[in-house]
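Asker: next input, structure requested:
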Amino acid sequence: MSYVVVKENCCDMAELHIIGQIVGASGFPQNSLFCKWGVHTGGAWRLLSGLKEGQTQVDIPQTGDMAYWSHPIDLHYATKGLQGWPKFHLQVWHQDSFGRCQLYGYGYCHVPSNPGHHRISCVTWRPLGSWQEQLAQIFVGGGPQLRSPDLIYNGADRYRLQTEAMGTVELELGVIMRHFDKYGVES
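Answerer: Coordinates of the predicted model:
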């Protein structure tokens, strides 16, 4: 975990506040889920305060298939350019009764570029692997994982993977923009 607080005069920079929560997830093969998350930005963006990555607790739903995390998000960025707009990358994991963890899905979504309250549904997927890996996954658990998490949001190489659709992660985000008018962006 990396928590950053930068005290500087950012009046000449545009500022973006992202306040909300990772609500939960549904549509996965089994419950007992948790989520590892992070925010990726371009080089022009500076995190002024907040955590840019984290992990939720494990939730085991008693009824239904929705795992509720209500994990708080509170980020404050400054930038002098719009390139590399922030995006969330997510990994959903299943924890079995023995404490073993198995990857259930990857996903990413862009932070909305207009101010206000937003509810975002982020679809997830996971690599299939060879038929031998799929068979081993049934009996032993585990399964293929990406060597580089950058493939989650970088286009070209991701489209060469064989994947299967998994569940959906729900996010609620409040977006506040300041001084973007100096860069030709109406908020």
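Asker: could you use CA atoms for every contact and neighbour count after this?
Answerer: OK.
Asker: and Lys87, bridged to which residues?
Answerer: His40, His110 (DSSP bridges).
Asker: strands of the chain, start to end?
Answerer: 3-5, 14-26, 33-40, 45-51, 53-55, 67-79, 87-95, 101-110, 116-127, 163-178 (DSSP state E).
Asker: out of those, nearest to Pro61?
Answerer: Closest to Pro61 of the strands of the chain, according to Cα to Cα: strand 67-79, at 5.6 Å.
Asker: show me how far the closest one is from its chain's centre.
Answerer: Distance, stretch centre to chain centre, for strand 67-79: 10 Å (Cα atoms, centre = their mean, to the nearest Å).
Asker: quick revisit: mind putting the strands of the chain into JSON lines with mean pLDDT, mean neighbour count and distance to Leu146?
Answerer: Shown next, in JSON lines, are the strands of the chain (pLDDT from 0 to 100; neighbours: other Cα atoms under 10 Å; distance: least, Cα to Cα, whole Å):
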{"stretch": "strand 3-5", "mean pLDDT": "53", "mean neighbour count": "12", "distance to Leu146": "26"}
{"stretch": "strand 14-26", "mean pLDDT": "97", "mean neighbour count": "21", "distance to Leu146": "21"}
{"stretch": "strand 33-40", "mean pLDDT": "96", "mean neighbour count": "20", "distance to Leu146": "14"}
{"stretch": "strand 45-51", "mean pLDDT": "96", "mean neighbour count": "19", "distance to Leu146": "24"}
{"stretch": "strand 53-55", "mean pLDDT": "97", "mean neighbour count": "16", "distance to Leu146": "18"}
{"stretch": "strand 67-79", "mean pLDDT": "97", "mean neighbour count": "19", "distance to Leu146": "24"}
{"stretch": "strand 87-95", "mean pLDDT": "94", "mean neighbour count": "21", "distance to Leu146": "11"}
{"stretch": "strand 101-110", "mean pLDDT": "92", "mean neighbour count": "21", "distance to Leu146": "9"}
{"stretch": "strand 116-127", "mean pLDDT": "95", "mean neighbour count": "18", "distance to Leu146": "8"}
{"stretch": "strand 163-178", "mean pLDDT": "95", "mean neighbour count": "19", "distance to Leu146": "11"}
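Asker: mind putting those strands into CSV with distance to Pro61?
Answerer: Formatted as CSV, the strands of the chain follow (distance: least, Cα to Cα, whole Å):
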stretch, distance to Pro61
strand 3-5, 30
strand 14-26, 10
strand 33-40, 9
strand 45-51, 27
strand 53-55, 18
strand 67-79, 6
strand 87-95, 12
strand 101-110, 16
strand 116-127, 19
strand 163-178, 15
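Asker: look up how far His118 lies from the residue nearest to Gly42 when sequence neighbours are not counted.
Answerer: In this structure, Gly42 finds its nearest non-sequential neighbour in Gly84, 3.7 Å apart by Cα to Cα, 6 or more residues apart in numbering. Look at Gly84 and His118: by Cα to Cα, to the nearest Å, they are 20 Å apart.
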